[in-house]
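Chemist: What follows is a predicted protein model with its sequence.
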Amino acid sequence: MKLGLSIGYSGAHLDLPVALVQRAEALGYDSVWTAEAYGTDAVTPLAYLAAVTKRIRLGTGIMQLAARTPANAAMCAATVDALAGGGRFIAGLGVSGPQIVEGWYGEPWGRPYYRLKDYTEIMRKIFRREAPVVHEGREISLPYTGEGALGVGKPLKSILHMNPDIPIWLGTGNEATVKLTGEIADGWLALGFVPGSLPEYLPWLEEGFRRAEKATGRPKTRADFTIQASVHVEVTEDVSAGLAKLKPEVALYVGGMGHRDKNFHKDMMIRRGFGEAADRIQDLYLAGRKEEAIAAVPDEWVDWKSLVGPPARIRERWRPWAESGADAITVRSRQPEAIEVMAQAAGLNGPGE
């Protein structure tokens, strides 16, 4: 089992935990992951980390599609990969949500399934440099010929001779997009994944593998694909206090990160059997009663998705994650002791493990 470290995005002030990332690399962590919402971006911190690390892979978890065109995403990925010495960058992509896509980026929500498909296919064409890029998609086409076009767009091929095999992983969670992930991606940033959930997702992934083989004539199997799940880790002697510390984020995402009728995080909580709590959290949050929304988050929900408590409890509760069928687990924590405890639990012994 490989481990990753998520450093997410910064709050009000930029806080890049360089020493924590370097320690994770020394312990044998496989990857470090950044994120973006509507503050710090996901790519720039990885360029900095490329200069102060040697081996750890650098992943975006995720680049929001609306934040940049597929050509720009490919350029960013190729540039950081080259700065890092090649073979270290993972282009993790996702659609975000309609409030951010339309409210922050000023882009239409459109059809996310086809946007993911077009975006990924264009990036691969750019990486491979086999010909000037032409793409006729349902959501994105190159050259652009839509409203406002002059009609003089020219197919181009990247000046930079980049790594043609930069991996593209997708952050997805519903049936249609997980199938698409199995079909077109190299890996899956598994939204909503918990121990015991693989039987729900595996048939979707396998359908995607079948589609890929049909489209390319080349077999694609589970062995050709990476599942990367994630888990919050909080080392504390007070389990209740540790769970409470993680509840504000749950309330934010379930209650306010998305429209009332289109919120993936709420939908996932409902699918996992916590529908009544999900409805109450959202109602309270949208009514401006945020503290009550936080208090409405069940301990059981947080504990299921997280590893919280003294080191012995975390090691014990790690076993189901280690046996979950995921290939790697991203540790979501900025606690130095959490990074150490998880390395011990996973049996890491330094670089190369």
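Modeler: Structure received. Numbers count the residues shown, from 1 in each chain.
Chemist: Direction included, what does the strand ranked longest in the chain pair against?
Modeler: Longest strand of the chain, by residue count under DSSP state E: strand 226-235. Take DSSP bridges as the rule and strand 226-235 pairs in its sheet with strand 187-190 (parallel), strand 306-309 (parallel), strand 328-332 (parallel).
Chemist: So for residue 68, which of those strands sits nearest?
Modeler: When those are compared by C-beta to C-beta, strand 187-190 sits nearest residue 68, at 17.7 Å. (C-beta placed from N, C-alpha, C; glycine too.)
Chemist: quick revisit: toward the C-terminus, what is the element adjacent to the longest strand of the chain?
Modeler: Next along the chain after strand 226-235, taking DSSP states H and E as the criterion, comes helix 239-251.
Chemist: any low-confidence regions in this protein?
Modeler: Scanning the chain for pLDDT under 70 picks out 258-259, 351-353.
Chemist: now the strands for it?
Modeler: Using DSSP E, strands in the chain cover 2-8, 31-34, 57-60, 63-64, 89-94, 135-136, 141-142, 168-172, 187-190, 226-235, 306-309, 328-332.
Chemist: what lines up beside the fourth one in the sheet?
Modeler: Which is strand 63-64. Its sheet considered, strand 63-64 pairs with strand 89-94 (parallel) by DSSP bridges.
Chemist: from the chain's centre, how far out does the strand it pairs with sit?
Modeler: Remark: strand 89-94 is offset 7 Å from the chain centroid, using C-alpha atoms, centre = their mean, to the nearest Å.
Chemist: ok, residues contacting that strand?
Modeler: Under the criterion C-beta atoms under 8 Å, 6 or more residues apart in numbering, residues 31, 33, 46, 57-65, 73-74, 77-78, 80-81, 116, 119-120, 123, 163, 166-172, 187, 189 lie in contact with strand 89-94.
Chemist: redo that, cut-off 7 Å
Modeler: Here strand 89-94 makes contact (C-beta atoms under 7 Å, 6 or more residues apart in numbering) with 31, 57-65, 73, 77, 80-81, 116, 119-120, 123, 166-171, 189.
Chemist: Quick one: the strands paired with strand 226-235 as a markdown table, columns for mean neighbour count and distance to residue 268 too.
Modeler: Below are the strands paired with strand 226-235 laid out as a markdown table (neighbours: other C-beta atoms under 10 Å; distance: least, C-beta to C-beta, whole Å):
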| stretch | mean neighbour count | distance to residue 268 |
| --- | --- | --- |
| strand 187-190 | 26 | 11 |
| strand 306-309 | 24 | 15 |
| strand 328-332 | 24 | 16 |
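Chemist: so which of those gets nearest residue 138?
Modeler: When the strands paired with strand 226-235 are compared (using C-beta to C-beta), the closest one is strand 187-190, at 22.3 Å.
Chemist: got the CA coordinates for the helix of greatest length in the chain in PDB?
Modeler: Ranked by residue count and defined by DSSP state H, the top helix of the chain is helix 198-216. Provided in PDB are the C-alpha atoms of helix 198-216 (Å, rounded to 0.1, in the frame of the first residue of the first chain):
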ATOM      1  CA  LEU A 198     -15.000  -1.200  -3.800                       C
ATOM      2  CA  PRO A 199     -17.700  -3.700  -4.800                       C
ATOM      3  CA  GLU A 200     -20.000  -0.700  -5.600                       C
ATOM      4  CA  TYR A 201     -17.400   0.900  -7.800                       C
ATOM      5  CA  LEU A 202     -15.500  -2.000  -9.400                       C
ATOM      6  CA  PRO A 203     -18.200  -3.000 -11.900                       C
ATOM      7  CA  TRP A 204     -18.300   0.600 -13.100                       C
ATOM      8  CA  LEU A 205     -14.500   0.700 -13.500                       C
ATOM      9  CA  GLU A 206     -14.500  -2.600 -15.300                       C
ATOM     10  CA  GLU A 207     -17.200  -1.300 -17.700                       C
ATOM     11  CA  GLY A 208     -14.800   1.500 -18.400                       C
ATOM     12  CA  PHE A 209     -11.900  -0.900 -19.000                       C
ATOM     13  CA  ARG A 210     -14.100  -2.800 -21.500                       C
ATOM     14  CA  ARG A 211     -15.000   0.500 -23.300                       C
ATOM     15  CA  ALA A 212     -11.300   1.400 -23.500                       C
ATOM     16  CA  GLU A 213     -10.400  -2.000 -25.000                       C
ATOM     17  CA  LYS A 214     -13.200  -1.700 -27.500                       C
ATOM     18  CA  ALA A 215     -12.100   1.800 -28.600                       C
ATOM     19  CA  THR A 216      -8.300   1.000 -28.800                       C
END
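Chemist: That helix vs strand 168-172, what angle?
Modeler: 140 degrees (axes from the mean of the first three to the mean of the last three C-alpha atoms, to 10 degrees).
Chemist: for the stretch 51-200 of the chain, what spans make up the helices?
Modeler: With helices called from DSSP state H, counting those that start in this stretch, the stretch 51-200 of the chain shows them at 70-83, 98-103, 112-128, 175-184, 198-216.
Chemist: Looking at those, spot the one closest to residue 288.
Modeler: helix 98-103 (16.6 Å).
Chemist: tell me the contacts of residue 307?
Modeler: When contacts are counted by C-beta under 7 Å, 6+ apart, residue 307 touches 231, 233, 314, 317-318.
Chemist: With respect to residue 265, which of those residues is nearest?
Modeler: Distance to residue 265, by C-beta to C-beta, is smallest for residue 231 among those, at 15.6 Å.
Chemist: ok, now how distant is the closest one from residue 124?
Modeler: Using C-beta to C-beta, to the nearest Å, one obtains 30 Å as the distance from residue 231 to residue 124.
Chemist: Having no further points to raise, I will conclude here.
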